[in-house]
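Enquirer: sequence unknown, structure follows:
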């Protein structure tokens, strides 16, 4: 089955700097790649996603890139703010099956 | 997106007891999913709940331990039975987005602690 690896597990950045979280997947049949943000005591919130026929997608300060050949995708957060502090999960999807990464705890230092 | 209400939001339970978690969605959805998130870990699918049929359980999860009901297209329950401290986790209800079965949305979760 699909295997999703996520790095780093923890990340600290200064406010205003950029943060990058990377994920790799193993199954070339995966065709949908969402990213979730989970704040303490809350459920995961879908923040951005990308399909396999697209290489990059941007939404304000958040962008996701996908390299199908290398089977990796990344989340980029620019101009980080303290409210970006949370745990971020990547996922790869084949049909109704979702496979999640192990999460990255992002801390933005004011 | 979908608005998913889950309750209770948290509970502290005694070993050997059972807890039923409720999930209500603001629109009709075909498939509802139950996930477990153990402390500091990722999300693990417990089962898929389909209306009108038995839930489909993932490897390592059984119906006797995690019975699921799905009486209609907007509601589901997950029961954690005969609890032990190892069942302490966040339990999450999720659904596929209306009009876009690729997108998965989550409820706010139930934080369960078993003493």
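Expert: That came through, no problem. It should be emphasised that the depicted structure is a prediction, and the values quoted were computed from it without experimental measurement. Residues are numbered from 1 along each chain as shown, chains lettered A, B, ... in the order given.
Enquirer: in this structure residue A:6 contacts residue A:87, no?
Expert: No. Under the criterion of C-beta atoms under 8 Å, residue A:6 is not in contact with residue A:87, lying 10.5 Å apart. To be clear about C-beta, it is placed using only N, CA and C from the backbone, and glycine gets the same treatment.
Enquirer: could you tell me which residues touch both of those two?
Expert: Counting by C-beta atoms under 8 Å, 6 or more residues apart in numbering or on different chains, the shared contacts of residue A:6 and residue A:87 are A:103, A:104.
Enquirer: mind checking which helix or strand of the chain has the lowest mean pLDDT?
Expert: You didn't pick a chain, so chain A it is. Here the helix or strand of chain A ranked lowest by mean pLDDT, DSSP states H and E is strand A:97-100, holding a mean of 92.
Enquirer: wait, chain B was what I had in mind.
Expert: Least-confident helix or strand in chain B using mean pLDDT, DSSP H and E: strand B:100-106, a mean of 78.
Enquirer: partner strands of that strand, with direction?
Expert: Using DSSP bridges, strand B:100-106 pairs in its sheet with strand B:89-97 (antiparallel).
Enquirer: which parts of the partner strand are buried?
Expert: B:89, B:90, B:91, B:92, B:93, B:94, B:95, B:96 (16 or more other C-beta atoms under 10 Å in any protein chain shown).
Enquirer: need the contact partners of that strand.
Expert: Under C-beta under 8 Å, 6+ apart, the answer for strand B:89-97 is A:43-44, A:96, B:1-2, B:4, B:6, B:21, B:23, B:25, B:29-39, B:43, B:46, B:76, B:78, B:80, B:102-107, B:109-112.
Enquirer: buried subset of those residues?
Expert: Buried among the contacts of strand B:89-97 (16+ other C-beta under 10 Å): A:43-44, B:2, B:4, B:6, B:21, B:23, B:25, B:29, B:31-37, B:43, B:46, B:76, B:78, B:80, B:103-107, B:109-112.
Enquirer: backbone dihedrals for residue B:9, please?
Expert: phi -80, psi -30 (degrees, to the nearest 10).
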